[in-house]
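# what's the 3D shape of this:
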Amino acid sequence: MKEQRPLVWLSAAGARDQQNPLLSAHWSIHSFDMTEPPPFALAGSGRARVGVLDLSVYPDEGTPYLDQWIEAFRLSYWVGLLPASPSEDSRLGTLISRHCTDYHHLPLDADRLNTVLGHLWGMAQLHARTDFEPHDSYQDAALEGGSQAIRQARAMLRRFAKTHEPVLISGESGTGKDAAARFIHRHSSRRTQPFVAVNCAALPLPLTQSELFGQEGDPLGVSVSARRGRVDAADGGTLLLSGIDELHPEQQSAILRFLQEGQIERVGAARPHKVDVRVIATTARPLKNLVETGAFRSDVYYRLGSLEVQLPPLRDRPEDIPVIANHILANTHTTFGARKLSTPALQSLAQYHWPGNLRELQNRLRQAMLLSESAMIEPADLGLAELGMAVPGQAGLTLEAFRARADQQALSCSLALSHQNVTAAARILKISRVSFYRLMDKYDPHHTRSHGGKHHRSHQ
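Numbering: from 1, shown residues only. Next up is the predicted model:
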């Protein structure tokens with residue numbers, strides 16, 4: 001018997017009766033109440049790719065937890081279930097446009113809904129198979145985890161996905177920038193349109209124009225055949241310029257007109273033509289610094305950098321390492337069978353500073369799977385001891401240490417968001433100003449003191 005596919009059903013209390021026996025025959029339905037906050041771990045729905053956002057019963061005051069649920073599941077597609085047309089209720093219409101690929105009215109047409117869900121499931125599987133070639137397991141889990149740093153990055157990526165503006169994703173090598181670009185595409189209105197990636201470092205200078213914009217063919221077919229460029233292939237969808245900091249100045253000039261006017265001109269063509277492409281660029285080096293040194297054109301930078309997000313390095317999110325490491329192990333197949341990480345091995349991973357970030361983590365785990373002589377990977381298998389790693393279990397990897405790091409990150413981020421205004425920062429964290437100062441005293445005895453809402457360095 002074919003295994004049932006998991007289906008998330010997110011509804012307000014009292015709407016569970018919409019689930020139809022026909023759906024239950026094809027899907028393993030996991031129901032959740034959107035009026036309650038999501039738990040830390042969502043049991044049973046880990047393989048789910050699609051979900052139903054049941055808005056047939058939706059509180060007049062809404063629910064403050066809906067975005068948290070959507071963020072927690074990170075499904076590929078949602079289908080809305082509505083009591084009436086979204087044009088009749090602007091509130092529900094807004095929710096559908098923000099979160100859903102499709103929507104259905106009540107009474108429920110289970111056959112139609114089942115067909116749509118099945119199609120979206122297939123699309124999600126297709127994307128999962130083709131997103132990363134050659135496959136880097138760490139890319140699939142690059143944005144996973146509950147650290148403050150990655151949650152903030154995910155929230156920003158989700159906000160940017162709602163626009164059509166270019167996005168610049170910066171971060172050290174191996175932090176998952178390509179995964180972030182695909183995250184934006186999957187959560188945008190272009191999600192069903194093409195996603196085309198261009199590796200800028202591998203783009204030959206003499207062939208830049210033809211590779212990106214294509215070329216017209218010889219009418220007689222004697223010398224040159226017509227070729228469609230990468231930008232053309234992304235028409236209607238998203239174009240990823242991966243590693244744009246590697247572009248030669250001449251190549252930067254070649255893409256400027258496209259960025260400014262949304263037009264491309266094929267090699268040998270008589271006139272340009274319009275394309276509708278959303279551009280996402282990634283860089284491992286700060287483009288602003290390259291502009292200052294003359295290595296990158298300022299006009300290209302300003303076209304790309306209006307919306308910018310920086311991905312955190314792995315050393316700034318050690319609490320996410322177990323999730324990412326276990327994902328990599330589960331998706332790495334060897335002739336020696338499955339492997340798991342021992343507690344000391346996990347401690348070693350969390351204590352290492354990871355200059356190569358997620359890519360280095362993946363390489364060490366794959367090596368450990370081959371070197372380990374048992375089903376359990378130990379610290380020695382990871383090869384970290386030879387790098388001067390401390391012995392697992394030392395002070396610094398305790399619950400208290402993790403809580404302190406989270407508190408310090410919260411203080412730093414809230415002050416940055418509030419432009420160093422303590423009152424506003426405390427409001428962001430939903431704590432009193434006194435509590436905010438108490439935390440500042442705890443982690444920095446020489447911290448800045450308030451003066452008219454702003455804070456400045458104390459002189460003691």
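
# give the contact list for Gln68.
37-38 (C-beta atoms under 8 Å, 6 or more residues apart in numbering). All C-beta spots, glycine's among them, are computed from the backbone N, C-alpha and C.

# list the buried ones in whichever helix or strand it is part of?
Gln68 is part of helix 66-73 when elements are defined by DSSP states H and E. Judged by neighbour count (16 or more other C-beta atoms under 10 Å), helix 66-73 contains these buried residues: 66, 69-70, 72-73.

# Over to stretch 286-305?
Neighbour-count burial for stretch 286-305, counted by 16+ other C-beta under 10 Å, picks out 287, 290-291, 296-297, 300-301, 303-305.

# How far away from the center of its chain is that stretch?
Its chain's average C-alpha position is 24 Å from that of stretch 286-305, according to C-alpha atoms, centre = their mean, to the nearest Å.

# likewise stretch 253-266?
Here the centre of stretch 253-266 is set off from its chain's centre by 28 Å, with C-alpha atoms, centre = their mean.

# Then stretch 348-361?
Offset of stretch 348-361 from its chain centre (C-alpha atoms, centre = their mean): 20 Å.

# buried sites along it?
Those would be 348-352, 354, 357-361, for stretch 348-361 by 16+ other C-beta under 10 Å.

# same deal with stretch 427-441?
Residues of stretch 427-441 classed as buried: 429, 436-437, 439-440 (neighbour count, 16+ other C-beta under 10 Å).

# Let me see the mean pLDDT of that stretch.
Averaging pLDDT along stretch 427-441 yields 83.

# one step back: output the buried residues of stretch 348-361 as JSON lines; include the columns pLDDT, secondary structure and distance to Pro83.
As requested, these are exported to JSON lines (pLDDT from 0 to 100; DSSP: H, G, I helix; E, B strand; the rest coil; distance: C-beta to C-beta, whole Å):
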{"residue": "Ser348", "pLDDT": "86", "secondary structure": "helix", "distance to Pro83": "54"}
{"residue": "Leu349", "pLDDT": "89", "secondary structure": "helix", "distance to Pro83": "49"}
{"residue": "Ala350", "pLDDT": "85", "secondary structure": "helix", "distance to Pro83": "48"}
{"residue": "Gln351", "pLDDT": "84", "secondary structure": "helix", "distance to Pro83": "53"}
{"residue": "Tyr352", "pLDDT": "87", "secondary structure": "coil", "distance to Pro83": "53"}
{"residue": "Trp354", "pLDDT": "90", "secondary structure": "coil", "distance to Pro83": "50"}
{"residue": "Asn357", "pLDDT": "92", "secondary structure": "helix", "distance to Pro83": "47"}
{"residue": "Leu358", "pLDDT": "92", "secondary structure": "helix", "distance to Pro83": "44"}
{"residue": "Arg359", "pLDDT": "89", "secondary structure": "helix", "distance to Pro83": "48"}
{"residue": "Glu360", "pLDDT": "90", "secondary structure": "helix", "distance to Pro83": "51"}
{"residue": "Leu361", "pLDDT": "91", "secondary structure": "helix", "distance to Pro83": "47"}
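
# Show me the two of these that sit farthest apart.
Farthest apart among these by C-beta to C-beta are Gln351 and Arg359. That separation is 18.9 Å.

# Next up, the contacts around Tyr301.
With contact set as C-beta under 8 Å, 6+ apart, Tyr301 has these partners: 287-288, 290-291.
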